[in-house]
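Engineer: Predicted structure and sequence below. I'll ask about it afterward.
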Amino acid sequence: MACAADGADDRHAGLSCLTLAQREQALARWQMLRVHLEDGCPLVRVAGEHGVPKRTLRRWLAAYRAGGLAALARRPRSDRGTRRMPPELRLLIEGLAACVGDTVIVRYDPRDMAEICVFTGAGFLCRAICPELAGTTVSLKDITAARNARRRGLARGLRERAGVVDRLLAAHQDQLSPGVPDTPVTTFGPASPLKLYRTE
């Protein structure tokens, strides 16, 4: 909607240039700021009561002081409707959108984690490169050392857990029957594949 108010630019245009939704939005924001402006309530309290970040309230307050009530309405973006991504990237995204839900295979060289290759059932799909990791390589020696350290850590953790379980079982056995040996209970009748213990 084009509107000019005595040569003023859109930022200082009056409420008459706003849509109904923009007017309602500006009025709702003013209702929040009014408590601060007229009653002197701190912005921190206003932010807490309305669930709006204090930084946003400060921005609205600055806009109100600069342009009045009309400045509290959200303006449409000047770049609305324009594409901001390169056409090559848009084509890649549209091509990948056709593969949503498909099973893919990701292949990579462990020495070069900056690049992965994605394959579908039809074959090669794309290559993805991480610019932050590009140019850095990891030697096979470093990979082997990291794998061995991970294995040692897992084995150590399993041993610690097994030790805790063994200690708990030993303490539990001592509490149940101090001095009573675990001997199977003899039963008469048909032989059962299960053995029964007195401590159970």
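Structural biologist: Good, I have the coordinates.
Engineer: what's the average pLDDT for stretch 104-121?
Structural biologist: Regarding stretch 104-121, the rounded mean pLDDT is 80.
Engineer: Pick out the residue nearest the middle of this protein.
Structural biologist: C130 (19.4 Å; C-alpha atoms, centre = their mean).
Engineer: Now do that one against R84, distance only.
Structural biologist: As defined by C-beta to C-beta, to the nearest Å, C130 lies at a distance of 22 Å from R84. Where you see a C-beta, it was placed from the backbone N, CA and C, and this is true even at glycine.
Engineer: Now for A70, how many residues are close by?
Structural biologist: The number of residues packed around A70, counting by other C-beta atoms under 10 Å, is 23.
Engineer: Just the pLDDT for the closest residue to it other than its chain neighbours.
Structural biologist: Using C-beta to C-beta, 6 or more residues apart in numbering and skipping the chain neighbours, the partner closest in space to A70 is L15 (5.2 Å). For L15, the pLDDT comes out at 71.
Engineer: Next SSE downstream of the longest strand anywhere in the chain?
Structural biologist: Taking DSSP state E as the criterion, the chain has its longest strand at strand 112-120. For strand 112-120, the following helix or strand on the C-terminal side (DSSP states H and E) is strand 123-129.
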